[in-house]
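> test case, fold it:
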Amino acid sequence: FKWTLAHGDLGAAFRQADRIIKQRIIHQRLTPMAIEPRGCVASYPAGEGVLTLWTSTQTATWVRSVLAPVLGIPEERVRVIAPPVGGAFGGKSGVFSHEICAALLARATGRPVKIVCSREEVFAATIRRHATSIYLKIGVKRDGAILAMQCRVIAESGAYTNMGPASISYTAAFLTAPYLVPNVDFQAVRVYNNRSVCGPMRGPGSPPIRFAVESQLDRVAADLGLDPATVRLKNALTPHTTTPPAA
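Residues are numbered from 1 along each chain as shown. Prediction:
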């Protein structure tokens, strides 16, 4: 999965910059771990052809849309009920193997099936926040005004997709966030590998990129001898401004 965002004339902006600061930041994988583990109960009474699934999920409609073709039945014959979830933080978004297994077993046996993941299973078979490598280059004037920002992101997918593409698109959306950056070049790629799947956690895609940008702005302030708050206020969005479009 790839995502790009480009706006303005990056080369010209960097040539006009009084300072250019570059850095690479590596973020490790993280696992969202609520007190309540993931779990579900599936019921598929013989002869009715209707599945009811109670599951600890943030995305009940998505679970429904996936289970229907897995079972080979219309969506109107799948009912997904999300009780109060407790902690989730994005980590209970998407569809997981225990939900599909419970549904298939309930249909095969004609009996209700309950699956509750252990802590080990949560770590091994659900999602992480993406491990990311972020390269960031910022060009500024002596007064701290940002002229250009170039960013390259490589994010670890794991073996499957889940909601990972949404996380990467949010990385692009939050690159400039509260700041007006007239020239932007952003490219991100989410790559498959043979590890457990990655997806949303505590603001999908946004904490790593915001950490990178804010760290960079602290370096800009130190390099220019300016107060960090002054640099941020200098570049803050004002009414009637337009942020760069994503593509």
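> in the chain, what spans have low per-residue confidence?
Residue ranges of the chain with pLDDT under 70: 245-247.
> the strand or helix carrying Ser215 packs against which elements?
Using DSSP states H and E, Ser215 falls within helix 206-224. Packed against helix 206-224 by the contact rule (3 or more Cβ pairs under 8 Å, 6 or more residues apart in numbering; DSSP states H and E) you find strand 19-27, strand 132-140, strand 146-158, helix 164-173, helix 228-235. Where you see a C-beta, it was placed from the backbone N, CA and C, and this is true even at glycine.
> residues contacting the residue minimising distance to the centre of the chain?
Residue closest to the mean C-alpha point of the chain, counted by Cα atoms, centre = their mean, is Ser167 at 2.3 Å. Residues in contact with Ser167, defined by Cβ atoms under 8 Å, 6 or more residues apart in numbering, are His130, Ala155, Cys198, Gly199, Pro200, Pro204, Gly205.
> how about the helix holding Ser215 as PDB, C-alpha atoms only?
Extracted in PDB, the C-alpha atoms of helix 206-224 (Å, rounded to 0.1, in the frame of the first residue of the first chain):
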ATOM      1  CA  SER A 206      -0.500   9.900  13.900                       C
ATOM      2  CA  PRO A 207       1.700   9.600  17.000                       C
ATOM      3  CA  PRO A 208       4.900   8.500  15.100                       C
ATOM      4  CA  ILE A 209       4.700  11.300  12.500                       C
ATOM      5  CA  ARG A 210       3.800  13.900  15.100                       C
ATOM      6  CA  PHE A 211       6.700  12.900  17.300                       C
ATOM      7  CA  ALA A 212       9.000  13.100  14.300                       C
ATOM      8  CA  VAL A 213       7.800  16.600  13.300                       C
ATOM      9  CA  GLU A 214       7.700  18.100  16.800                       C
ATOM     10  CA  SER A 215      11.200  16.700  17.500                       C
ATOM     11  CA  GLN A 216      12.400  18.300  14.300                       C
ATOM     12  CA  LEU A 217      10.800  21.700  15.200                       C
ATOM     13  CA  ASP A 218      12.700  21.500  18.600                       C
ATOM     14  CA  ARG A 219      15.900  21.100  16.600                       C
ATOM     15  CA  VAL A 220      14.900  24.000  14.300                       C
ATOM     16  CA  ALA A 221      14.400  26.200  17.400                       C
ATOM     17  CA  ALA A 222      17.700  25.200  18.900                       C
ATOM     18  CA  ASP A 223      19.600  25.700  15.700                       C
ATOM     19  CA  LEU A 224      18.100  29.200  15.100                       C
END
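> what angle sits between that helix and helix 164-173?
Computed by axes from the mean of the first three to the mean of the last three Cα atoms, to 10 degrees, the angle separating helix 206-224 from helix 164-173 equals 20 degrees.
> buried residues in helix 206-224, which are they?
For helix 206-224, burial by neighbour count (16 or more other Cβ atoms under 10 Å) applies to 206-210, 212-213, 216-217, 219-221, 224.
> how far is it from where the chain is centred?
Centroid displacement of helix 206-224 relative to its chain, using Cα atoms, centre = their mean, to the nearest Å, is 20 Å.
> pick the one among the buried residues of helix 206-224 closest to Pro37.
Pro207 (23.3 Å; Cβ to Cβ).
> from Ala88, how far off is that closest one?
16 Å (Cβ to Cβ, to the nearest Å).
> likewise Glu214?
Taken as Cβ to Cβ, the span from Glu214 to Ala88 is 26 Å.
> same question for Ala188.
Counting by Cβ to Cβ, the gap from Ala188 to Ala88 is 25 Å.
> tell me the contacts of the residue sitting furthest away from the middle of the chain?
What lies farthest from the middle of the chain is Gly47; by Cα atoms, centre = their mean that is 40.8 Å. Under the criterion of Cβ under 8 Å, 6+ apart, Gly47 has no neighbours.
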